[in-house]
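J.: 3D, please:
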Amino acid sequence: MTVSTEIKQRGTYLGYFIVGEKIVNGKDGKRTHQALLFTEAPGMKRRDYIAMGDIVYGMYVFEHVLQKIGKAGGKNGWAGRVGTYASDPAREPTNAKILRVMEEEFEPGTKIEVYGFSVPKAQSPYFCPITNETLHFEVEQHGNVEEHLTSEALEEGEDLKFCTQLK
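T.: Numbers count the residues shown, from 1 in each chain. Predicted coordinates:
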């Protein structure tokens, strides 16, 4: 099995993006910009995405072509990442790249489907020589998992056109 296949089979369907226009109220009045507009998977709500915690996700076009492996974490997890994808591409290089690829290579209205899986924080004890106490910390792992899976997918021949780390 490939990384692309495994993310779809083992992950949770999160929903999909389409390219659309977002209206923004600014100092100079209303303006619009292209954005990735998200539709939640059936039965999923913001609270469900937050409850997943840190995740790694795959973005697919035409249901099976992997375009990006990404990560979402922090307080809001995927729910927060969705907001970033809706932001102005002039200030968000990943959005600009995805919008450019979608315009150049796909028909208007093409869906970008997203599947993700939770990556729990690791428990890490540390003995502090100053206080002579063993301290316990939670350490994020989703960034390392994202890097590993991206590397594996590239070795398997995936193009990952939405990835800003790749030229």
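
J.: tell me which residues are up against stretch 125-137.
T.: Contacts of stretch 125-137 from elsewhere in the structure, counted by CB atoms under 8 Å, 6 or more residues apart in numbering, are 123, 124. C-beta coordinates here come from the backbone N, C-alpha and C atoms, glycine included.

J.: residue contacts, residue 82?
T.: By CB under 8 Å, 6+ apart, residue 82 lies in contact with 38, 49.

J.: buried ones in whatever helix or strand it lives in, by neighbour count?
T.: Assigned by DSSP states H and E, residue 82 belongs to helix 77-85. Judged by neighbour count using 16 or more other CB atoms under 10 Å, the buried positions of helix 77-85 are 77, 78, 79, 81, 82, 85.

J.: and the longest strand seen in the chain, which strands flank it?
T.: In the chain, taking DSSP state E as the definition, the longest strand is strand 12-26. Sheet pairing here is set by DSSP bridges, and for strand 12-26 it gives strand 29-40 (antiparallel), strand 112-118 (antiparallel).

J.: may I see the buried residues of it?
T.: Of all the residues in strand 12-26, those buried under the rule 16+ other CB under 10 Å are 12, 14, 15, 16, 17, 19.

J.: need those in a markdown table with pLDDT and distance to residue 60, can you?
T.: Converted to a markdown table, those look like this (pLDDT from 0 to 100; distance: CB to CB, whole Å):
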| residue | pLDDT | distance to residue 60 |
| --- | --- | --- |
| 12 | 97 | 14 |
| 14 | 98 | 11 |
| 15 | 97 | 12 |
| 16 | 97 | 9 |
| 17 | 97 | 11 |
| 19 | 94 | 15 |
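
J.: list the residues that contact the closest residue to residue 115 other than its chain neighbours.
T.: In space, and not counting its chain neighbours, residue 115 is closest to residue 11: 3.6 Å by CB to CB, 6 or more residues apart in numbering. Residues in contact with residue 11 (CB under 8 Å, 6+ apart) are 57, 58, 115, 116, 117.
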